[in-house]
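J.: below: sequence and its predicted model.
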Amino acid sequence: MTIPADEKPGVRITVPVALEGRAYDIQIGRHQLCEAAALIAAMAPGAKVAVVTDESVAALHAPALEACLQQEGIGFTRITVPPGEATKSYARFIGLCDALLAAKIERDDLVIALGGGVVGDLTGFAAAVLRRGVRFVQIPTTLLAQVDSSVGGKTGINSSHGKNLIGAFHQPSLVIADTALLDTLSEREFKAGYAEVVKYGLIDDPAFFDWCEVNWSRIIEGGPERDHAVAVACRAKAAIVARDEREEGDRALLNLGHTFAHALERLTNYDSTRLVHGEAVAIGLALAFRFSQRLGLCPGQDASRVSRHLDAVGLPTTLQQVPGGAGSAAEIVAAMGQDKKVRRGVLTFILARGIGRSFIAHGVAAEEVMAFVEAELSANGPAR
Ligand code: GLY
């Protein structure tokens, strides 16, 4: 797979999300903030804007965005929330809704989510319910948010019962994936986002997985490979969302690795010093392929290849690598029971017949999962 000729450095890539009545574009490229402001001015003439961001992102990127808004004559207010998963809470959600009302954001106005997945999910949910729904624009500042959470309209907050259990589908009106914003990410955060990039190859695009194996370090460095990877991921996600917006079918494929990942995040108390979402997804992807191998579905060489690639990138691939320990097999399986992928007590897993051959498996027996997790935790570690 080579980078298409029309993806030239400096040229913005547009990926449409074709949802009837709620269609929007994802704009991908470096240095897109002023283009974003121009698009917002055209989309919502005369609208006021609330820029919702977190304290870390505000220091890095809010002034540049606000200068562009000013240039377009757009009036704005900045609302800042603390960084970190704990911000996806009832208390912060109420605080944000009140702040948006205090800023007099009306039905015709617009909310911008400038930040990673936490800011995007919280802001999108507030936009979904504020005055029964206002438009919002996603300007994701992490790789993970650019290739996954900013696209597709899933918004929400966490409850003590689990992650993302309170929320709404509310599509953004525009997504701006400015890949230059990723230059300020730590290596750890960038690599964690990379797990969600490679996921698209593992779901149904083996040629993209091959390309990732060769090009992953150039994606991290920046340049056309980074923009291309974001574009491939966004095109894949846009296609799935267009045919199954509400996750009644195919969209569940995007949860490859996530049943394990959400359990691990829960068992590490969403403590980012131990595990961030993308690292949990990397372990989850490796486990999903080894579980598929154990069930006789997936060739061992494919499962090994997945772990080898994630290892090479520097991502964790085993339960043993969870800092402070992942918990017992019983705790891990119980934590999976909180996931939204559980319906009437039966687990739904995304399994694979090989790289790029993932499928939705309903009714996976809890005993099979338990036996697999016990084997993974055993002194011998995972069979690889
Ligand atoms: N992150 C999975 C989805 O958007 O469906």
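T.: Nice, I can see it. Numbering: from 1, shown residues only.
J.: SS state for L347?
T.: Under DSSP: H, G, I helix; E, B strand; the rest coil, L347 falls in the strand class.
J.: report the buried residues of the helix or strand hosting L65.
T.: Element membership for L65, per DSSP states H and E: helix 55-71. Across helix 55-71, burial judged by 16 or more other Cβ atoms under 10 Å covers 56-58, 61-62, 65-66, 68-69. For the C-beta atoms, the positions are set from N, CA and C on the backbone; glycine is no exception.
J.: just the CA coordinates of whichever helix or strand comes after it, formatted as CSV?
T.: Following helix 55-71 in sequence order, the next helix or strand is strand 76-81 (DSSP H and E). The C-alpha coordinates for strand 76-81 follow below in CSV (Å, rounded to 0.1, in the frame of the first residue of the first chain):
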residue,chain,number,x,y,z
PHE,A,76,-16.1,33.2,21.9
THR,A,77,-15.9,32.2,25.5
ARG,A,78,-13.4,29.7,26.9
ILE,A,79,-14.5,27.1,29.4
THR,A,80,-11.7,25.0,31.0
VAL,A,81,-12.1,21.7,32.7
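J.: for the helix or strand following strand 76-81, what is the average pLDDT?
T.: Once strand 76-81 ends, the next helix or strand along the chain (criterion: DSSP H and E) is helix 90-102. Averaged across helix 90-102, the pLDDT comes to 98.
J.: got the angle for helix 90-102 vs strand 76-81?
T.: Orientation of helix 90-102 against strand 76-81 (axes from the mean of the first three to the mean of the last three Cα atoms, to 10 degrees) gives an angle of 170 degrees.
J.: tell me what helix 90-102 is packed against?
T.: strand 49-54, strand 76-81, helix 117-129, strand 154-159 (3 or more Cβ pairs under 8 Å, 6 or more residues apart in numbering; DSSP states H and E).
J.: other SSEs contacting the second one?
T.: The elements that strand 76-81 packs onto, with contact taken as 3+ Cβ pairs under 8 Å, 6+ apart, are strand 49-54, helix 55-71, helix 90-102.
J.: got those as JSON lines, with distance to the ligand columns?
T.: Formatted as JSON lines, these follow (distance: least, Cβ to the nearest ligand atom, whole Å):
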{"stretch": "strand 49-54", "distance to the ligand": "20"}
{"stretch": "helix 55-71", "distance to the ligand": "20"}
{"stretch": "helix 90-102", "distance to the ligand": "19"}
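J.: got any ranges where the stretch 201-350 of the chain has weak pLDDT?
T.: 338-346 (pLDDT under 70).
J.: tell me which parts of the chain are close to the ligand?
T.: 148, 152, 154, 247, 251, 254 (Cβ under 6 Å from any ligand atom).
J.: test my guess that the fifth one contacts A238.
T.: Right, the one you point to is R251. No - with contact defined as Cβ atoms under 8 Å, R251 does not count as touching A238 (11.6 Å).
J.: which one's more surrounded, those two?
T.: A238 (21 against 18; other Cβ atoms under 10 Å).
J.: tell me where this structure has strands.
T.: 13-17, 24-29, 49-54, 76-81, 110-115, 135-140, 154-159, 162-169, 174-178, 342-343, 346-352, 358-364 (DSSP state E).
J.: out of these, deepest packed?
T.: Among those, ranked by average contacts under mean count of other Cβ atoms under 10 Å, first place goes to strand 110-115 (a mean of 28).
J.: quick one: strands adjacent to it?
T.: strand 49-54 (parallel), strand 135-140 (parallel) (DSSP bridges).
J.: any chance of those in a markdown table with mean pLDDT as columns?
T.: Conversion of the strands paired with strand 110-115 to a markdown table gives the following (pLDDT from 0 to 100):
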| stretch | mean pLDDT |
| --- | --- |
| strand 49-54 | 98 |
| strand 135-140 | 98 |
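J.: so for Q171, which of these sits nearest?
T.: strand 135-140 (9.0 Å; Cβ to Cβ).
J.: could you tell me the angle between that closest one and strand 24-29?
T.: 30 degrees.
J.: then strand 135-140 to CSV, C-alphas only?
T.: Presented in CSV, the C-alpha positions along strand 135-140 are these (Å, rounded to 0.1, in the frame of the first residue of the first chain):
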residue,chain,number,x,y,z
ARG,A,135,-24.2,22.0,17.2
PHE,A,136,-20.7,21.1,18.2
VAL,A,137,-17.3,20.9,16.4
GLN,A,138,-14.6,18.4,17.4
ILE,A,139,-11.0,19.6,17.3
PRO,A,140,-9.2,16.5,18.7
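J.: can you give the contact residues for it?
T.: Contact partners of strand 135-140, identified using Cβ atoms under 8 Å, 6 or more residues apart in numbering, comprise 33, 36, 40, 43-44, 65, 109-117, 120, 123-124, 127, 145-146, 149-151, 170, 172-178, 181.
J.: go on, stretch 17-27?
T.: Counting by Cβ under 8 Å, 6+ apart, 12-16, 35-36, 39, 151-153, 171-177, 234, 238, 241-242, 245 sit against stretch 17-27.
J.: do you know the pLDDT at the nearest residue to D148 once chain neighbours are set aside?
T.: Sequence neighbours aside, E196 is the residue nearest to D148 in space, at 4.6 Å (criterion: Cβ to Cβ, 6 or more residues apart in numbering). Confidence at E196, expressed as pLDDT, is 98.
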